[in-house]
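Participant: whatever this is, show me its structure:
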Amino acid sequence: MIDYLKNGLFNIRSDQMDANAIHESIVSGVKLKGAPLIILFCAIIVASVGLNTNSTAVIIGAMLISPLMNPIIAMGYSLATYDGRLLRNAAINFIIQIIIALIGASIYFSLTPIHDPTSELMARTAPSFFDMLIAFFGGIAGIIGVTRKEKTNVIPGVAIATALMPPMCTVGYGIANGNLNYILPASYLFTINAFFIVLATFAVCKLLQLKQAQVVKDRFNKVIKRWIITGMILITIPATISAIYVSNTSITNKYLTNNVSSFVNAEVNSSTATTMRATIDPVKKILRLDLVGDVYTSEQIQKMAANMVDHGLEGYTLKVVQDIRTSLFNYFEKVNGAGIVESEIVIV
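Facilitator: Coordinates of the predicted model:
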């Protein structure tokens, strides 16, 4: 059974290209002149526009055409095959691409009339442990795809999953606006993606036992392993802490949202009054409700506040902002006929 799984079902060498063909394919992707350089510049502009206009489709297009993946895979391959010359060329190519991307994105975001941050930009400022998993397993799929005789859509899929260009352009946005809150997290996200793609490529190339340069392997193995372990520690610890923080925050916010929804729909909304928006401040312990329709009396509001504890909102102060019946009431009554929806609950 084990032999069947190893040599049959999970055998990744059956359709593998010749070692020399793999080498030539990876080396050719490192070159940065002519068409690859123009494509890189186009990817930078496309990604920047997508981030600036909050267009997910445009950002995906930029990830598909970006050549940033090539030198990263080449670095992992060169480490596994002890090819110092290729490692140097790939690293230089990679650094040049980063510099070009930063300059191009910074210039774009300096000239664009739209300077407000979008949700796509902010999405690149919260790296976590999950990004490491995506980059590592995406890198495994990527190098396996590169070494196959028949090319599939693996590489485009990996390019989308392990986003490289958007974080770089987000750093450019931070540089253009002098905002470290975008520069540092986006740089860290890019580092996570690049490092774990290199690590995955290195591991798969070792597994495939590709042709290695004639060097003192034991000495190089020790140096490489030392650097890999050090890099994993330096990158993994902050990402893990970030993942724990994001998970706890998400769980807490979901809990508050559910409690507010339960309270508003059970105690506040009625056939003659409805909640336009619920704003909750977990730090100051304040729940503000913006209402339209009939005006509640102070006694009714106090009764509502007393019932907050039944909905998990103990310790919170209720603040009600009311408006006299307006022409908008019928609209909100139709919209909120089924009660308050999650999008109308804001946590500050």
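Participant: show me the shaky parts of the stretch 201-348 of the chain.
Facilitator: 211-222, 239, 242-247, 250, 323-348 (pLDDT under 70).
Participant: and the strands in it?
Facilitator: Remark: strands assigned in the stretch 201-348 of the chain by DSSP state E, counting those that start in this stretch are 273-281, 286-293, 317-321, 345-347.
Participant: what distance do you get for Val27 to Asn89?
Facilitator: As for Val27, its distance to Asn89 is 8 Å (criterion: CB to CB, to the nearest Å). Bear in mind the C-beta positions are built from the backbone N, C-alpha and C, glycine included.
Participant: between the two, which contacts overlap?
Facilitator: Ala74 (CB atoms under 8 Å, 6 or more residues apart in numbering).
Participant: which elements pack onto the helix or strand hosting Gly145?
Facilitator: According to DSSP states H and E, Gly145 maps onto helix 129-146. Applying 3 or more CB pairs under 8 Å, 6 or more residues apart in numbering; DSSP states H and E, we find helix 129-146 packed against helix 19-28, helix 69-81, helix 154-161, helix 180-208, helix 217-263.
Participant: next, the angle from it to helix 69-81.
Facilitator: 80 degrees (axes from the mean of the first three to the mean of the last three CA atoms, to 10 degrees).
Participant: any buried residues in helix 129-146, and which?
Facilitator: 129, 131-132, 134-136, 138-146 (16 or more other CB atoms under 10 Å).
Participant: residue closest to the middle of this structure?
Facilitator: Arg124 (5.4 Å; CA atoms, centre = their mean).
Participant: so who does the residue nearest to it when sequence neighbours are not counted touch?
Facilitator: Nearest non-adjacent residue to Arg124, counting by CB to CB, 6 or more residues apart in numbering: Thr170, 4.1 Å away. Applying CB under 8 Å, 6+ apart, one finds that Thr170 lies in contact with Leu51, Ala105, Leu121, Arg124, Thr125, Tyr182, Ala186.
Participant: from Val27, how far off is Thr170?
Facilitator: As judged by CB to CB, Thr170 and Val27 stand 31 Å apart.
Participant: what two of the contacts of Thr170 are the furthest from one another?
Facilitator: With CB to CB as the measure, no two of the contacts of Thr170 lie farther apart than Ala105 and Thr125, at 14.7 Å.
Participant: the more surrounded of those two?
Facilitator: Each of Ala105 and Thr125 has its neighbours counted (other CB atoms under 10 Å); Ala105 has more, 27 against 20.
Participant: helix, strand or coil for that one?
Facilitator: Secondary structure assignment for Ala105 (DSSP: H, G, I helix; E, B strand; the rest coil): helix.
Participant: now do it, the pLDDT please.
Facilitator: Note for Ala105: predicted pLDDT of 94.
Participant: please, which helix or strand holds the closest residue to it other than its chain neighbours?
Facilitator: By the measure of CB to CB, 6+ apart, the closest residue to Ala105 outside its immediate chain neighbours is Gly172, 2.4 Å from it. Secondary structure assignment for Gly172, by DSSP H and E: helix 165-177.
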